[in-house]
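Student: Give me a model of this one.
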Amino acid sequence: MTRTQFSILLGLLLGYLVLQVHWQYEYPGWSKTVNITGSLISFERSADMILLSKAKDTSTDFFKALGWSHAHDRYVQLCIFRLASQGKLTKHLPYSENLFKQDIKSQQMNLLDSSLKSLPHISTFHLKQLNSYLDGINTYIETHPRPFEFILFNYKPEPFTVADVLTIYKFIAYAGLNDICLIVEKLVLEVLRETDNSEIMKISFAPHLNELSNELIEVYKTIKDLRPIGDQETSHVPKLTNSNNWAVSGKFSQSGYPLLGSDPHMDISKLPNIFYESHYIGEDGYNIFGISAAGAPGIVMGRSKQLAFSITFGMLDMSDYFVENIENMKYERDGTFYPLTERVISIAGKDCFFYETIEGHTIERSLESVQKPIGNGRYLAAKYALTVDADTKIVDTFFSPVTAKNIFDIKKTFSINSLGTNYVVADSDGNIAYQQGGNVPIRKTSNGLLPLPAWKSENLWQGYLPGDAYHSVVNPPEGFVATANNHIQDPEKPVVATFSALSHRVNRIHQLLRSKEKFSTDDFKTFQSDTHSLFAEQIVPIISPFLGTSDIEKELKEWNYVSHLDSKPAAFFKLLHQNLRRNVLLQFFTPERADKYIKYSAYPLYVILHKVIESNNSTLLPPAVLQKTVQDTLVEYKNEVYGEVEKINMDNMLFGGKLPSWLGLDRQNIATSHCFQCVKVGNPRFSQTGAPIYISQAWRMVTDMGTNLVETILPGGPGGNILSNFYAREIDALIEGKYKKIEL
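Tutor: This next block holds a predicted model:
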């Protein structure tokens with residue numbers, strides 16, 4: 001379709017869309033009562049456009065209401081998540097190479113098949129809840145017209161099933177969160193097999209590469225059809241790579257009750273927001289407000305009258321690469337060969353061949369090779385912690401906070417889940433707690449950072465850790481708990497994580513939580529806007545001896561390490577940090593490889609840079625590199641202030657900035673003071689499809705358990721309809737730190 005044809009068709013549909021929007025829901029106070037499979041559920045728009053639902057039987061009506069709300073406000077997003085999770089984007093959307101890559105990745109993961117295998121094991125009670133959620137979604141789809149986007153692409157969504165919901169949940173868990181584990185493994189593998197830089201890998205990821213041997217490196221060099229970094233990420237899935245959460249006990253609050261703060265960090269460069277706010281009140285006494293994701297039943301983070309709860313991504317190592325030896329369509333185990341399971345799937349009119357072992361190792365091949373049958377040789381294969389036990393706990397994980405009376409009702413439930421999380425919770429009884437949770441495999445011969453030969457059965461997973469293997473803290477003596485994707489490992493328990501975020505954010509949060517004797521939610525809101533960079537505080541003194549006497553160099557030396565919109569030192573440091581990272585990498589890699597890793601593996605590279613700096617090794621960080629970094633930055637710096645160099649673009653998730661600008665559907669060049677490794681984090685980078693993304697605060701929440709008040713910011717607002725008058729709400733609120741108030 002040409003641009004002209006597209007514009008004409010778009011114009012014809014605009015009138016229809018405006019009528020549809022006006023007819024459905026576009027004003028505060030709008031209300032409607034819906035009969036969803038026998039349950040009368042009332043819906044009403046609040047002044048902040050949040051959809052409030054009220055019903056009788058919370059055990060089922062909560063799910064019906066949430067399903068209807070997701071379909072009502074996030075119809076397109078809901079269906080896109082289903083297509084993406086099952087590798088069917090190119091079947092229903094206009095073809096692009098990026099969509100083809102995503103479908104290949106999703107089909108290789110084969111999540112739908114694992115969901116179908118779990119269905120017979122889900123309890124009658126949980127199945128009833130899941131089907132209630134589907135009743136809400138499907139009732140809406142059956143009684144409402146398709147969004148104009150789907151009319152445009154001639155896509156007619158089918159009714160949703162339980163398998164669809166389980167698959168979306170796992171897609172978010174493993175393609176959106178735990179995929180970082182595989183990216184780190186792929187980076188390590190590529191460096192070891194294609195360069196002579198094993199020492200920098202050992203330093204960067206110590207002690208988890210102790211089992212590295214020359215023999216293993218030689219195995220890596222024999223791998224065929226390796227899909228390179230840059231061809232393995234899915235952009236239509238939320239990325240939760242950073243987040244903050246913390247709670248203080250009543251001893252340290254002005255109200256005498258616990259306070260909790262939460263700000264999960266996702267890619268906010270797409271509209272609508274991945275998160276969706278909703279409020280449910282049951283006649284049986286339950287009252288819950290929080291965020292969820294379209295297609296995933298339950299509340300991820302939020303507040304009831306008795307409980308506040310929040311997660312950060314714990315970076316638990318719940319997926320691995322293995323090296324498989326294939327001969328004549330069979331894989332090897334201890335000298336014996338077994339037949340591979342083959343699936344031939346048509347993607348964009350091309351037959352694609354996917355292979356899997358009995359343990360669920362899915363063979364990963366290059367985009368070209370996947371279009372032909374597998375040959376003999378050694379291949380990389382991915383293994384995800386997809387278990388029936390984790391699937392059956394999905395409903396418990398996200399529904400238990402709705403009915404829980406205190407932290408003790410839910411701690412055990414949180415310990416086993418498919419997300420790999422750090423839960424921080426507080427209750428109205430005065431308790432605060434931290435609970436680590438995941439589904440980490442038991443490894444006999446490795447910590448999980450190195451792909452091992454699967455033909456040696458001793459290298460395979462030996463089951464999964466029990467719930468009591470994860471770290472847990474209740475009412476700590478220091479009076480607070482806080483996490484920021486930092487390394488959390490109980491020394492008395494098995495290793496659960498081999499990679500984590502840098503410690504600067506959590507250290508800054510600790511500083512803030514020790515900054516006064518009594519806190520209020522206003523303090524927590526201030527903390528969530530904090531842009532003091534401990535990272536810059538660490539780097540600038542190292543660079544200072546190489547700074548000259550120009551005005552910007554003097555300003556940098558006198559900088560207080562706070563990023564604000566009119567700060568020149570903050571703008572200069574942003575550029576200096578980028579140059580330092582690249583110049584450090586150029587010691588070990590060619591310019592092409594260094595730029596590739598910066599673009600597609602930015603997150604683990606921050607860890608490498610930090611380890612190099614911490615090593616205090618003049619060989620790894622020679623004066624010449626520091627001098628060149630300063631010189632490069634002085635040449636490139638254009639006397640900008642921070643607000644001129646730190647910008648956010650927010651584009652529609654389906655059209656990706658391709659719609660005419662006069663429609664006003666995208667938000668461009670938003671100046672912000674978010675900064676790298678600050679509490680108010682901002683991390684511009686690229687997805688592995690090459691699309692620019694911006695990892696930042698996708699939601700903010702603060703609450704005092706002594707009140708029934710919750711204060712939040714959701715940049716993008718609740719609406720997913722592109723002409724909705726609340727499609728792009730609260731973007732300015734995020735920049736300015738303006739919270740709305742929800743009364744339970």
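Student: where along the stretch 601-744 of the chain do the strands fall?
Tutor: For the stretch 601-744 of the chain, strands defined by DSSP state E, counting those that start in this stretch occupy the ranges 647-652, 667-671, 682-686, 692-697, 700-704, 709-713, 740-743.
Student: got those strands as a markdown table, with mean pLDDT, distance to Arg378 and mean neighbour count columns?
Tutor: For the C-beta atoms, the positions are set from N, CA and C on the backbone; glycine is no exception. As requested, these are exported to a markdown table (pLDDT from 0 to 100; distance: least, CB to CB, whole Å; neighbours: other CB atoms under 10 Å):
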| stretch | mean pLDDT | distance to Arg378 | mean neighbour count |
| --- | --- | --- | --- |
| strand 647-652 | 86 | 40 | 19 |
| strand 667-671 | 85 | 46 | 14 |
| strand 682-686 | 73 | 30 | 20 |
| strand 692-697 | 84 | 33 | 22 |
| strand 700-704 | 98 | 47 | 26 |
| strand 709-713 | 98 | 50 | 22 |
| strand 740-743 | 97 | 55 | 15 |
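Student: out of the ones you listed, which comes closest to Leu419?
Tutor: Leu419 lies closest, by CB to CB, to one member of these: strand 692-697, at 17.1 Å.
Student: Who are the packing partners of that closest one?
Tutor: When contacts are defined as 3 or more CB pairs under 8 Å, 6 or more residues apart in numbering; DSSP states H and E, strand 692-697 sits against strand 259-267, strand 647-652, strand 682-686.
Student: just for the stretch 101-250 of the chain, where's the confidence low?
Tutor: 230-241 (pLDDT under 70).
Student: what do you get if the cut-off is 90, keeping everything else the same?
Tutor: Regions of the stretch 101-250 of the chain meeting the criterion pLDDT under 90 cover residues 101-102, 122-123, 125-126, 147-149, 151-152, 172-184, 187, 190-191, 194-212, 227-242.
Student: From Ile442, how far out is Tyr464?
Tutor: According to CB to CB, to the nearest Å, Tyr464 stands 6 Å off from Ile442.
Student: more neighbours, these two?
Tutor: Neighbour totals were compared for Tyr464 and Ile442, and Tyr464 leads with 17 against 12 (other CB atoms under 10 Å).
Student: Checking Leu576 next. Helix, strand or coil?
Tutor: Of the three states, Leu576 takes helix according to DSSP: H, G, I helix; E, B strand; the rest coil.
Student: what number of residues lie near Glu218?
Tutor: 10.
Student: Kindly list the main-chain dihedrals of it?
Tutor: Note on Glu218: its backbone torsions stand at phi -60, psi -40 [degrees, to the nearest 10].
Student: same deal with Lys456?
Tutor: Dihedral angles for Lys456 - degrees, to the nearest 10 - are phi -100, psi 110.
Student: For it, which non-adjacent residue is closest in space?
Tutor: With sequence-adjacent residues excluded and distances taken as CB to CB, 6 or more residues apart in numbering, Lys456 is closest to Asp334, at 6.9 Å.
Student: hang on, isn't the one you found packed against Pro453?
Tutor: No: Asp334 is not in contact with Pro453 according to CB atoms under 8 Å; the separation is 10.8 Å.
Student: So if I had to pick from those two, which one is more boxed in?
Tutor: Taking neighbours as other CB under 10 Å, Asp334 and Pro453 compare with Pro453 leading, 17 against 8.
Student: Apart from its neighbours in sequence, what residue is nearest the more buried one?
Tutor: Closest residue in space to Pro453, ignoring its immediate chain neighbours: Val323 at 5.1 Å, by CB to CB, 6+ apart.
Student: number of nearby residues for the one you found?
Tutor: 23.
Student: Pairing partners for it in the sheet, please.
Tutor: Leu380, Pro453 (DSSP bridges).
Student: Could you tell me which residues make contact with it?
Tutor: Neighbour list for Val323: 219-220, 223, 378-381, 451-454 [criterion: CB atoms under 8 Å, 6 or more residues apart in numbering].
Student: want to try TSV for these, with distance to Ser618 as columns?
Tutor: Listed next are those as TSV, based on distance: CB to CB, whole Å:
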residue	distance to Ser618
Val219	34
Tyr220	30
Ile223	35
Arg378	39
Tyr379	41
Leu380	36
Ala381	41
Pro451	33
Leu452	35
Pro453	38
Ala454	41
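Student: of all those residues, which comes closest to Ser567?
Tutor: Using CB to CB, Pro451 comes nearest to Ser567 of the contacts of Val323, at 43.7 Å.
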